[in-house]
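Participant: Below: sequence and its predicted model.
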Amino acid sequence: MRTPLVAANWKMNGSREFAEQFLAALDLEGVTAEVVVCPPFPYLAQVAEKVRGAVLGAQNLSKETSGAFTGEVSAAMLRDFDVRYVIVGHSERRSLYGEGDELVADKFFAAQREGLTPILCVGETLQEREAGQALSVIARQLQAVTGRASEDELQRVVIAYEPVWAIGTGKTASPEQAQEVHHFIREQLGAKGSGIRLLYGGSVKSGNAAELFAQPDIDGALVGGASLDADEFGKICRTAA
Ligand code: PEP
């Protein structure tokens, strides 16, 4: 039995005031899904202190443990703030900051070594989908991590399928398109796959969440834009029963 999970990725949005208002307005009464809020680093402590009914996530981490790495944040520092989950391999990190499969895998294991659960993002660009390469791209992104992971390490992971063409664009993969890829990912994970939560991400809103969550291999969502509205995000969480 996989407990649904809905994660809010605020990206580089928000302020102290925004966080204050969001947390006051977020109503998770009756929500059975696990809910994760991933604010920007400076607001982790504020969210940790005030959030009710959700756990804390981070949007990024360093692959290093400590030392002369200006501007970086380690897994141990995140754990110090009670962070439980951390996003790795988000397409914005891959495309804007040049993070390749190997670095993503290093970050994945850095998170796990400190007891954090990585939310590993995979997904194809529009060009790759149109060239019929969606599944091979996803297989490669997965393999970079699964090829280095022990059976035990593969237990402690959440995977988010985020087609790049659906992120922040208002275009959502159809439930059938998303299900096809989720099923493929589960197959790629082998025997352990049936216990791993697979999230869909890409313009999820309260209006399209139900049909996505109804798919047998979709266990929740990674939500960007719609997670900045506490009411809308609460509705999405409520839909993931
Ligand atoms: C994301 O950034 O992970 C995401 C899915 O964004 P959006 O919901 O805005 O498409």
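Facilitator: Now that the structure is in, tell me what you want to look at.

Participant: going forward, measure contacts and count neighbours with C-alpha atoms only.
Facilitator: OK.

Participant: For the protein, what lies in contact range of the ligand?
Facilitator: Proximity of the chain to the ligand (CA under 6 Å from any ligand atom) is limited to residues 166-168, 201-204, 222-225.

Participant: Now tabulate those in TSV and tack on neighbour count.
Facilitator: Listed next are the residues of the chain next to the ligand as TSV, based on neighbours: other CA atoms under 10 Å:
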residue	neighbour count
166	19
167	20
168	16
201	27
202	24
203	23
204	27
222	26
223	25
224	21
225	20
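
Participant: For residue 202, give me phi and psi.
Facilitator: Main-chain dihedrals, residue 202, degrees, to the nearest 10: phi 140, psi 90.

Participant: Confidence-wise, which of the residues of the chain next to the ligand comes last?
Facilitator: Of all those, residue 168 carries the smallest pLDDT score, 87.

Participant: With adjacent residues omitted, what lies nearest to it?
Facilitator: Nearest residue to residue 168, sequence neighbours excluded (CA to CA, 6 or more residues apart in numbering): residue 203, at 5.8 Å.

Participant: ok, that neighbour - contacts?
Facilitator: By CA atoms under 8 Å, 6 or more residues apart in numbering, the contact list for residue 203 reads 166-172, 223-226.

Participant: With residue 28 instead?
Facilitator: 52-53, 234, 237-238 are the contacts of residue 28 under CA under 8 Å, 6+ apart.

Participant: how about a cut-off of 7 Å?
Facilitator: Residue 28 makes contacts with 53, 234, as judged by CA atoms under 7 Å, 6 or more residues apart in numbering.

Participant: Kindly report the same for the one 3 residues further on.
Facilitator: Residues in contact with residue 31, defined by CA under 7 Å, 6+ apart, are 237-238.
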